[in-house]
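Peer 1: Got a predicted structure plus its sequence, pasted below:
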Amino acid sequence: MKFVLIFGPQAVGKMTVGHELEKITALKLFHNHMTIELLHPYFGFSAETWRLVDLFRVEILEAVSKSDLDGMIFTYVWAFDLQSDWDFVHKICMIFESKGADVYFVELEASLEERVMRNTTPHRLEHKPTKRNVEHSEQDLRASMEKYRLNSIEGEIKQENYVRINNEGLSPQDVASMIKEKFHL
C-alpha cells in the first residue's frame, strides 16, 4: 500500500494534481475538501466542523489502510508553525506506516499571483462549493498566508520519500507524471 500526502498552500493545485495522479496510478484521491464540503452546510466553518473533519479523515484513512486498495492520495494545507498540524500529519502517516505502507510527501509551491488566479478555476469551484464566493475565498487565501507558514523551510521535511515542486507554469498532468516517476507509483 502507498500513501501520498500532497501539501501546500490554498489554490496551489493539490486537488487538481491529485486528480491527475489518480488517473495514472491505482491510487484513490481523498482531497481535503471532501470532508469540509460535507460538513459546512450544517456547521459552517466552526470548531465543530473542524473536529468532525479530523475525525472523519482519520476514520476514512484507517479504513483505507486496512483495505485491499493499492493506496491513497490525500491533500492537506499544512501550517508549519502549528504543532497541531505537525501532530495530525504524524498521526495520519502512522496509520499507514504501522501497516507497512510506503508514505510519500509531495510539497507544492507557487507564487501568490498564480494561486490567486487558480483560486477561480472551474475545476476548483466545481469540487469546492465553499470557494465559490471568490472574493471571500481570495481574502481567506491572503489572510492565511499572512497568519501561517504554508510551505516548509529547506531541510525541515525529513522524510526520505519527499519532493518539493514549484508547479507554476507546469500542467497538472506534468506534475502528476513527475510524482509518479519520482516515487515509482
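Peer 2: Thanks, I have the structure now.
Peer 1: Regarding residue 103, what are the backbone dihedral angles?
Peer 2: Backbone torsions for residue 103, taken as degrees, to the nearest 10, come to phi -120, psi 130.
Peer 1: ok, it - contacts?
Peer 2: By CB atoms under 8 Å, 6 or more residues apart in numbering, the residues touching residue 103 are 2-3, 5, 93, 96-97, 159, 161. Where you see a C-beta, it was placed from the backbone N, CA and C, and this is true even at glycine.
Peer 1: can you tell me which of those lies nearest to residue 168?
Peer 2: Ranked by distance to residue 168 (CB to CB), these are led by residue 5 at 20.6 Å.
Peer 1: Hmm, residue 91 and the closest one touching each other?
Peer 2: No - judged on CB atoms under 8 Å, residue 5 makes no contact with residue 91 at a distance of 11.8 Å.
Peer 1: Please say which of the two ends up with more neighbours.
Peer 2: Legend: neighbour count by other CB atoms under 10 Å for residue 5 and residue 91, higher for residue 5 (23 against 13).
Peer 1: now the residue nearest the centre of the chain, which residues is it bridged with?
Peer 2: Geometric centre of the chain, nearest residue: residue 75, 1.6 Å, by CA atoms, centre = their mean. Note on residue 75: beta-bridge partners by DSSP bridges are residue 6.
Peer 1: That one and residue 11: what is the separation?
Peer 2: Note on residue 75: its distance to residue 11, by CB to CB, to the nearest Å, is 12 Å.
Peer 1: Now do the helices in the protein.
Peer 2: Ranges of helices in the chain, per DSSP state H, are 14-24, 33-43, 47-65, 83-97, 112-118, 122-127, 134-147, 172-183.
Peer 1: so of those, which one's packed in deepest?
Peer 2: helix 14-24 (a mean of 21; mean count of other CB atoms under 10 Å).
Peer 1: helices and strands around that helix, which ones?
Peer 2: Contacting helix 14-24 under the criterion 3 or more CB pairs under 8 Å, 6 or more residues apart in numbering; DSSP states H and E are the following elements: strand 2-7, strand 28-30, strand 71-76, strand 102-109, helix 122-127, helix 172-183.
Peer 1: mean confidence for that helix?
Peer 2: The average pLDDT within helix 14-24 is 97.
Peer 1: In terms of secondary structure, what does the lowest-mean-pLDDT helix or strand in the chain contact?
Peer 2: Sorting the helices and strands of the chain by mean pLDDT, DSSP states H and E puts helix 122-127 at the bottom, at a mean of 79. Packing partners of helix 122-127 (3+ CB pairs under 8 Å, 6+ apart): helix 14-24.
Peer 1: re earlier: could you dump the helices and strands packed on helix 14-24 into TSV and include distance to residue 83?
Peer 2: Shown next, in TSV, are these (distance: least, CB to CB, whole Å):
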stretch	distance to residue 83
strand 2-7	16
strand 28-30	24
strand 71-76	15
strand 102-109	18
helix 122-127	29
helix 172-183	28
